[in-house]
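> can you look at this prediction? I've put the sequence above it.
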Amino acid sequence: MKLTLIRNATLRLTYAGHTFVIDPYLATKGSLPAYANVSPNPLVELPMPAADVLHDSEMTLVSHLHTDHFDAAAQHRLPQDHPLLCQPADEARIRDKGFQNVTPIAGTHTWGNMRIHRVNGRHGTSPAILRLMGPVSGFVLQATDEPTLYWVGDSVWYEDVAAAIDQWQPDVIVTHSGGAVWGNEQEAIIMDAAQTVAVCQHAPHSTVIATHLEALDHCLTSRAALRQAATDAHISPARLRIPADGEAITL
């Protein structure tokens with residue numbers, strides 16, 4: 001397995017002989033509105049040309065349709081017959097964008113040499129924020145001779161994430177750890193440093209890879225703060241990987 005963090009939650013993944021992209025967010029720096037009235041987004045440029053992000057990608061896996069996960073720039077670059085895998089709640093909206101090859105994953109789906117299992121996420125805590133954010137999903141990937149990978153998606157740490165770890169016993173867990181907040185109450189809508197540490201503690205035999213950091217104006221957790229929290233909790237850099245944009249990890 002080779003995982004390359006592009007920016008924010010966008011990943012290029014080579015797994016079971018296939019290369020694909022997760023949550024493509026390809027906008028140029030500062031070209032989209034602020035989320036927190038701090039700065040236009042994204043805060044940083046892509047680490048490579050957008051065309052290189054999508055080059056040779058056999059399919060795209062989309063966790064949900066917020067603009068920092070499947071933006072207009074990505075939609076414009078992808079051919080309309082490109083295979084897209086998504087949660088069932090998003091199928092109709094993706095088809096409405098003109099894409100013809102859309103597969104919703106309700107439970108388990110076999111794609112090529114791998115099995116993909118959908119897992120619920122919780123994009124906030126309060127009922128009001130959860131209604132506003134809408135449904136989100138994570139996915140577990142399995143294949144012969146590959147590590148089991150659990151991509152949590154845009155979720156806080158809560159019982160369904162813990163249950164998925166217990167059920168699937170993933171070798172690798174990808175978290176969205178930027179500490180994004182929303183609304184006047186500054187409610188957490190993805191994991192922060194403390195919640196990422198909680199994942200590491202709940203899954204002591206897994207390698208955790210933290211993403212969704214330092215790319216958006218409503219994300220308050222830095223890579224340095226996350227590393228310090230992990231160090232304080234006696235979690236080694238080998239167990240919690242915090243890649244830079246453009247960095248590849250092979251496991």
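Nice, thanks for sending it over. Numbering: from 1, shown residues only.
> using CSV, list the CA coordinates for stretch 43-54.
In CSV, the C-alpha atoms belonging to stretch 43-54 read as follows (Å, rounded to 0.1, in the frame of the first residue of the first chain):
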residue,chain,number,x,y,z
LEU,A,43,-4.8,28.2,2.6
VAL,A,44,-2.0,26.5,0.6
GLU,A,45,-1.4,25.4,-3.0
LEU,A,46,-1.4,21.8,-4.1
PRO,A,47,2.0,20.2,-3.8
MET,A,48,1.8,19.1,-7.5
PRO,A,49,-0.2,20.0,-10.6
ALA,A,50,-3.8,19.1,-10.4
ALA,A,51,-3.5,16.9,-13.5
ASP,A,52,-0.8,14.8,-11.7
VAL,A,53,-3.2,14.2,-8.7
LEU,A,54,-5.7,12.5,-11.1
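> roughly how far is that stretch from the heart of the chain?
Chain-centre distance of stretch 43-54: 16 Å, with C-alpha atoms, centre = their mean, to the nearest Å.
> list the contacts of it.
6-7, 10, 12, 21, 24, 26, 28-30, 73-74, 77-78, 214-217, 245-246 (C-beta atoms under 8 Å, 6 or more residues apart in numbering). C-beta: built from backbone N, CA, C; applies to glycine.
> quick one: the strands in the stretch 51-200 of the chain, in order.
60-61, 84-86, 102-104, 108-111, 114-120, 137-142, 149-151, 172-176, 181-182, 187-188 (DSSP state E, counting those that start in this stretch).
> now the fourth one: mean pLDDT?
Per-residue pLDDT over strand 108-111 has a mean of 97.
> which helices and strands sit right next to that strand?
Applying 3 or more C-beta pairs under 8 Å, 6 or more residues apart in numbering; DSSP states H and E, we find strand 108-111 packed against strand 114-120.
> got the angle for the strand it packs on vs strand 137-142?
Put simply, strand 114-120 runs at 150 degrees to strand 137-142, going by axes from the mean of the first three to the mean of the last three C-alpha atoms, to 10 degrees.
> can you pull the contacts of residue 133?
Contacts of residue 133 (C-beta under 8 Å, 6+ apart): 66, 123, 124, 154, 182, 189.
> contacting residues for the fifth one?
Which is residue 182. 35, 124, 129, 132, 133, 189, 218.
> so how many other residues sit close to the first one?
Which is residue 35. Neighbours of residue 35 under the rule other C-beta atoms under 10 Å: 19.
> ok, the second one next?
Around residue 124 there are 24 other residues, counting by other C-beta under 10 Å.
> thought it was touching residue 187?
Yes. If you go by C-beta atoms under 8 Å, residue 124 and residue 187 touch, sitting 5.9 Å apart.
> which residues in the protein form helices?
50-54, 72-77, 91-96, 127-133, 159-168, 193-202, 223-232 (DSSP state H).
> now the last one and strand 172-176, what's the angle there?
Angle of helix 223-232 versus strand 172-176, following the same axes, to 10 degrees, is 130 degrees.
> next: the fifth one.
What separates the directions of helix 159-168 and strand 172-176 is an angle of 170 degrees, with the same axes, to 10 degrees.
> list the buried residues of helix 159-168.
161, 164, 165, 168 (16 or more other C-beta atoms under 10 Å).
> re earlier: tabulate the strands of the stretch 51-200 of the chain in TSV, adding columns for distance to residue 92.
Formatted as TSV, the strands of the stretch 51-200 of the chain follow (distance: least, C-beta to C-beta, whole Å):
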stretch	distance to residue 92
strand 60-61	17
strand 84-86	10
strand 102-104	9
strand 108-111	18
strand 114-120	17
strand 137-142	16
strand 149-151	23
strand 172-176	25
strand 181-182	25
strand 187-188	28
